[in-house]
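Visitor: Only the shape, not the letters, is given here:
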RNA sequence: GCGAGCGUAGCACAAUGGAUAGUGUAGUGGCCUCCGAAGCCAUAGAUCUGGGUUCGAUUCCCAGCGCUCGCACCA
């Protein structure tokens, strides 16, 4: 018998067909199936209330008719109760719970269940996107971590995902930087070479500051820096070589961070990549009449928009140079034509909301006029990283926390704890465990809260290993692995699980009921592009497991009881690890 | 000034228009001769203010207050 992966979606469909056979206006009836508070069952259908109210009918009578028309498969699987003003509550019977758990017993089976949702779709996800010649700081963490989780969620739902790091490699900062670089190189070259080898990004940052200070103090330097930039843009061989060197070194340094975070991009098409693609953008938008001249610049206004009718989208500066609006337009076109994208997700902080709203408005009109297919466009924003005073942490105010420093600190704190608690673990393994725990803590701190909120940065909070943290989730997994080690059993072993008796105790049932809702957690997290829904689910799952672990002993003599509890342990481990990997975290077998 | 986001317990967070607003931490009280106490169980504490829509509002709409951010050539 087929067991649906997403039980809520399955119920939704069953209710719709029941509505038709119960003579409801099925076309105007939305069942509104939700996961329910455990007090009321596993799922609840709320749609009867609004439907009945709008037609001045008795909601309970409608609910009764609907329940009577439900197919036998639903009635076999669920206790169905009409409650309150007209909620329909569904509680899975133990046999149905076990049926789902037996069906979805491996990563591949879970993926097969989830993967129909976006099968055949192609998505480009643009995230991380730091500027070259600078170190990544704590503010870069959110885009990287959230973006990677979104990629993995989309892939799990069956989409083909293209990870694109849209690095800022063509900014005006290169004039000052190249000026300072050349000057320093002629001065004390050996020391500089050492610095550039060991800590290149720190050195580039320092040189930029030297150039910037000098340019502000001396107009002649400012002029010289501008000249270096013009030379670069005109393809001067020496400056181009310096620029390429800086970018290459920068990307290599970024990759060290990405390796730690488990990120690997398919493309690193920075702004410079689109340099030769902007003329077509100017041409098409001008020919269409979308772009026009204003104060010497080429801009787009949106007359229908209350703000953007007067706030311009500047796509070519008065001096003729392109800016990021231009390259972003070219990027959208490239992603359509070269990647054939069905959807584009750009992950940046909320301060760029205006820019992307203008960009998407412009792209929609442009593509429509040219009869280009329009991909789904999503700007995934997140809140600012603020200090404990509530002010945004910024690159320029000196007190910036380097991302590398943050990750190192997290690992060090985790190592202290592992040394303290992990008695029987060899020292070299402890170091590896600390890396996983430390990084996962940092990632989870970001992924466990709604990305829209501002982020109050505090070491203790971010790297805490108690409560709703990655350590709690990893600990639950480690305990499950420990059970299997102790019993000499293998998670998911079919022969063992064949002996399982029906689920019985409150803790067993509560855990099983949580497990089957994995599908819904995945759906919500993916559809809203908000990974914290999955984090929250996993945290609650780990909580149900911990409660089960305390209430019911797995290593009991009764082999049927032991088998069913081992099955629960194996599925918890499966869902927990699958979920954590979807968030981009690594998992452990002991800690 | 115009616009956007946010406003939930001491602190940090959650709640896809649903039923008694959930969790962590800090507080209080229990639980390791028993599969790992980074744990479990119990307890106390909150929706900025005022309207509106709805059978039902933390959620949607309007007004106000507060914080943060954006608003012509930085990205």
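Guide: The structure has been received and is ready for your questions. Computed from a prediction, not measured in an experiment: that's the story for all the values here.

Visitor: Tell me where the stretch 151-300 of chain A has strands.
Guide: Here the stretch 151-300 of chain A has its strands, by DSSP state E, counting those that start in this stretch, at A:160-164, A:291-294, A:297-300.

Visitor: For residue A:498, which of those strands is the nearest?
Guide: strand A:160-164 (37.4 Å; CB to CB). C-beta coordinates here come from the backbone N, C-alpha and C atoms, glycine included.

Visitor: So which bits of the closest one are buried?
Guide: For strand A:160-164, the neighbour count (16 or more other CB atoms under 10 Å) marks A:160-164 as buried.

Visitor: lowest-confidence helix or strand of chain A?
Guide: Of all helical and strand segments in chain A, the minimum by mean pLDDT, DSSP states H and E falls on helix A:189-198, at a mean of 73.

Visitor: residue boundaries of the helices in the stretch 401-550 of chain A?
Guide: Shown for the stretch 401-550 of chain A, the helices assigned by DSSP state H, counting those that start in this stretch span residues A:403-421, A:427-447, A:459-463, A:470-487, A:494-497, A:506-515, A:518-527, A:532-551.

Visitor: same thing with the stretch 51-200 of chain A?
Guide: Going by DSSP H, counting those that start in this stretch, the stretch 51-200 of chain A shows helices at A:59-68, A:72-77, A:94-103, A:107-114, A:141-156, A:173-187, A:189-198, A:200-217.

Visitor: Tell me the buried residues in the third one?
Guide: Okay, so that is helix A:94-103. Result for helix A:94-103 [16+ other CB under 10 Å]: buried residues A:94, A:96-101.

Visitor: for the fourth one, same thing?
Guide: Going by neighbour count (16+ other CB under 10 Å), the buried part of helix A:107-114 is A:110-111, A:113-114.

Visitor: Same check on the second one?
Guide: Of the residues in helix A:72-77, those buried under the neighbour-count criterion (16+ other CB under 10 Å) are A:74, A:77.

Visitor: Can you tell me which helices and strands that helix packs against?
Guide: helix A:7-21, helix A:94-103 (3 or more CB pairs under 8 Å, 6 or more residues apart in numbering; DSSP states H and E).

Visitor: who wins for proximity to RNA strand B among these?
Guide: Evaluated over the helices and strands packed on helix A:72-77, closeness to RNA strand B peaks at helix A:7-21, with 7.8 Å, by CB to the nearest atom of the strand.

Visitor: Closest residue of chain A to RNA strand B?
Guide: For chain A, CB to the nearest atom of the strand, closest residue to RNA strand B: residue A:467, 2.2 Å.

Visitor: ok, how many other residues are close to that residue?
Guide: 9 (other CB atoms under 10 Å).

Visitor: Just list the residues touching it, thanks.
Guide: By CB atoms under 8 Å, 6 or more residues apart in numbering, no residues touch residue A:467.

Visitor: switch the cut-off to 10 Å
Guide: Neighbour list for residue A:467: A:461, A:539 [criterion: CB atoms under 10 Å, 6 or more residues apart in numbering].

Visitor: Please apply the same query to the one 3 residues further on.
Guide: By CB under 10 Å, 6+ apart, residue A:470 lies in contact with A:414, A:436-445, A:447-448, A:464, A:535, A:538-539, A:580, A:583, A:585-587.

Visitor: what's the angle between the least confident helix or strand of chain A and helix A:173-187?
Guide: 130 degrees (axes from the mean of the first three to the mean of the last three CA atoms, to 10 degrees).

Visitor: Contacts for helix A:189-198, please.
Guide: A:181, A:184-186, A:188, A:202-204, A:206-207, A:245-246, A:249.

Visitor: and of those, the nearest to residue A:15?
Guide: residue A:249 (59.0 Å).

Visitor: That closest one reaches residue A:203, doesn't it?
Guide: Yes - Residue A:249 lies in contact with residue A:203 (CB atoms under 10 Å); the separation is 9.4 Å.

Visitor: how much space between residue A:126 and residue A:77?
Guide: 42 Å (CB to CB, to the nearest Å).

Visitor: can you check residue A:552 too?
Guide: 24 Å.

Visitor: where in the stretch 101-250 of chain A is pLDDT low?
Guide: Across the stretch 101-250 of chain A, the ranges flagged by pLDDT under 70 are A:187-191.

Visitor: Get me the contact residues on it for RNA strand B.
Guide: A:131, A:168, A:170-172 (CB under 7 Å from any atom of the strand).

Visitor: So how do I select the buried members of those residues in PyMOL?
Guide: Remark: buried members of those, expressed as a PyMOL selection using 16+ other CB under 10 Å:
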select buried, chain A and resi 131+168+170+171
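
Visitor: most remote residue from chain A's center?
Guide: Taking CA atoms, centre = their mean, the residue of chain A most remote from its mean C-alpha position is residue A:220, at 46.6 Å.

Visitor: Residue A:525 contacts residue A:146, correct?
Guide: No - here residue A:525 lies out of contact with residue A:146, judged by CB under 10 Å, at a distance of 11.2 Å.

Visitor: list residues touching both of the two?
Guide: With CB under 10 Å, 6+ apart as the test, residue A:525 and residue A:146 both reach A:447, A:531-532, A:583.

Visitor: Out of these, which are close to RNA strand B?
Guide: Among the shared contacts of residue A:525 and residue A:146, the ones lying near RNA strand B by CB under 7 Å from any atom of the strand are residue A:532.

Visitor: In JSON lines: the shared contacts of residue A:525 and residue A:146, plus neighbour count, pLDDT and distance to residue A:302.
Guide: Output for the shared contacts of residue A:525 and residue A:146, formatted as JSON lines (neighbours: other CB atoms under 10 Å; pLDDT from 0 to 100; distance: CB to CB, whole Å):
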{"residue": "A:447", "neighbour count": "27", "pLDDT": "94", "distance to residue A:302": "35"}
{"residue": "A:531", "neighbour count": "27", "pLDDT": "96", "distance to residue A:302": "32"}
{"residue": "A:532", "neighbour count": "23", "pLDDT": "96", "distance to residue A:302": "32"}
{"residue": "A:583", "neighbour count": "26", "pLDDT": "97", "distance to residue A:302": "37"}
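
Visitor: Between which two of the shared contacts of residue A:525 and residue A:146 is the distance greatest?
Guide: A:532 and A:583 (9.5 Å).

Visitor: what residues are shared contacts of the two?
Guide: Common neighbours of residue A:532 and residue A:583 (CB under 10 Å, 6+ apart) are A:146, A:149, A:444, A:446-448, A:525.

Visitor: now, which of the residues you listed sits nearest residue A:326?
Guide: Nearest member of those to residue A:326, counting by CB to CB, is residue A:146, at 26.4 Å.

Visitor: Between the shared contacts of residue A:532 and residue A:583, which sits nearest residue A:85?
Guide: Using CB to CB, these come closest to residue A:85 at residue A:525, 30.5 Å.

Visitor: pretty sure residue A:358 is in a helix, no?
Guide: Yes - per DSSP: H, G, I helix; E, B strand; the rest coil, residue A:358 lies within a helix segment.

Visitor: burial count for it?
Guide: Counted with other CB under 10 Å, residue A:358 comes out at 24.

Visitor: what's the residue farthest from the centre of chain A in contact with, if anything?
Guide: Here residue A:220 is in contact with residue A:214 (CB under 10 Å, 6+ apart).
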